[in-house]
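Asks: predicted coordinates and the sequence they were generated for:
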Amino acid sequence: MRFPGDPDRYPARDEVVAYLRAYAARLDAEIRTATTVTAAVREQGTWVVRAGDGREFTARALVAATGDYGTPYVPELPGRAECGGRILHAADYRTPEPFAGQRVVVAGGGNSAVQIAAELGPVADVTLATRRPVCWTPRRPLGKDLHWWLVRTGLDVAPLGRWLHRLPVSVLDDGRWRAALDGHGVDRREMFTRLTAEGVVWADGTKEDVDTILLATGYRPAFPYLAGSGALDGHGRPVHRGGLATTTPGLGFVGLEFQRGFSSKSLRGVGRDAAHVLSRLRRRP
C-alpha cells in the first residue's frame, strides 16, 4: 500500500497514523489492540502466546514484530544515584514549554538530540553533549532526498548491516537544524564525565548546576516474552538470519534494525522483510 501524497516530502505524525489505520482496515486479519503479550512458548510444535489478561493464542508460526521503540535505552551514568536534577529520555519529551527558563543538557549526537536541543533553544539555556563532534549529512544531495538515492542505488536493500553499524551517528539536515542551534545559542560540548547532586561534571573538570538532563540515547530491542525460548542470545538480542530465527523453529522477526538492509526498520522496508520471513516460515514444518 503506497503512502499517499507528495513522495518528495516528510509526512507529519497524523498522516502516518491515518496511513496505518487505513492499512489495518484493509487487512483480512483479527487485530487485538491493548493486548500485552507476557510470554510466548513453543509446546509440542505449537506456539502458545499468553496475554497479560489471561487470554491465550496458539499458532504454528510466530512473528515477533514489536520493534524496539518501546524500550528507551538509558546508559549507566556515573553519579546517577546522587543526582538531584531531573533525568529524562527523549521518549518522554513532548514540547519545550515545561523547560522554560531551565538549564538543560541534551545528551546524544543524532537527529533526535539535535532537533530537541533546537526546539528547547528559544526557551532554555541548552547545551548539546556528544562523544564526538556532530556529523552532518546533507538531506538533499544533488537536489534529491538522501532516501531517494538509497532506493535508486540499491543501498536501501543491500546486506550492509554490520558495516553500517560501524559508521558514526550522523544528523540528516537540510540546514535548518544546524542554523537553529547556532541561532538560539545552543553550544556543543564533549560529554560530561559524571553526575553530581547539583548537575554535571564536564570533561575539563568544571562542575555546573543543571535542572534537566535529557538523554537522546536511542532504544534497544527487548523481547521479554521470548525469555527462555532459546531464541535470544545472552544480551537478549534475537538470534536470526534475515529475520528467521536460527535456534527456534517457527519463529520470525520483523522490524529489526538492519535486519536485511538499511530500510528494514522503516515503513518502506518492513513489508519486503515481512514477505521474506513469511515465505520461509511457510516452507518449514
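Replies: Okay, I see it.
Asks: for the stretch 151-285 of the chain, just list every one of the strands.
Replies: Per DSSP state E, counting those that start in this stretch, the stretch 151-285 of the chain carries strands over the ranges 170-173, 187-190, 194-195, 199-201, 207-209, 212-215, 240-241, 244-245, 251-253.
Asks: winner for burial among those strands?
Replies: Neighbour counts (mean count of other CB atoms under 10 Å) averaged over each of the strands of the stretch 151-285 of the chain peak at strand 251-253, with a mean of 26. To be clear about C-beta, it is placed using only N, CA and C from the backbone, and glycine gets the same treatment.
Asks: give me the pLDDT value at the closest residue to residue 193 other than its chain neighbours.
Replies: Nearest non-adjacent residue to residue 193, counting by CB to CB, 6 or more residues apart in numbering: residue 201, 5.2 Å away. Each residue has a pLDDT score; the one for residue 201 is 96.
Asks: quick one: residue 201 and residue 194 touch, right?
Replies: Yes. Contact criterion CB atoms under 8 Å: residue 201 and residue 194 qualify, at 4.9 Å.
Asks: what sits in contact with each of those two?
Replies: residue 79 (CB atoms under 8 Å, 6 or more residues apart in numbering).
Asks: for residue 249, see how far away the residue lying farthest from the centre of the chain is.
Replies: Distance from the C-alpha centroid of the chain peaks at residue 44, with 35.0 Å (CA atoms, centre = their mean). Residue 44 sits 12 Å away from residue 249, going by CB to CB, to the nearest Å.
Asks: same question, residue 134
Replies: Counting by CB to CB, the separation of residue 134 from residue 249 is 45 Å.
Asks: more crowded one of these two?
Replies: Neighbours per residue (other CB atoms under 10 Å) separate residue 134 from residue 249, with residue 134 holding more: 20 against 15.
Asks: what residues are up against that one?
Replies: Residue 134 neighbours (CB under 8 Å, 6+ apart): 109, 114, 128, 171, 188.
Asks: residues contacting the strand or helix carrying the second one, please?
Replies: It stands for residue 114. Using DSSP states H and E, the element containing residue 114 is helix 111-120. Residues outside helix 111-120 that contact it (CB under 8 Å, 6+ apart): 90, 93, 96, 99, 104, 106-107, 126, 128, 130, 134, 171-173, 177, 180-181, 184, 186, 214, 216, 218.
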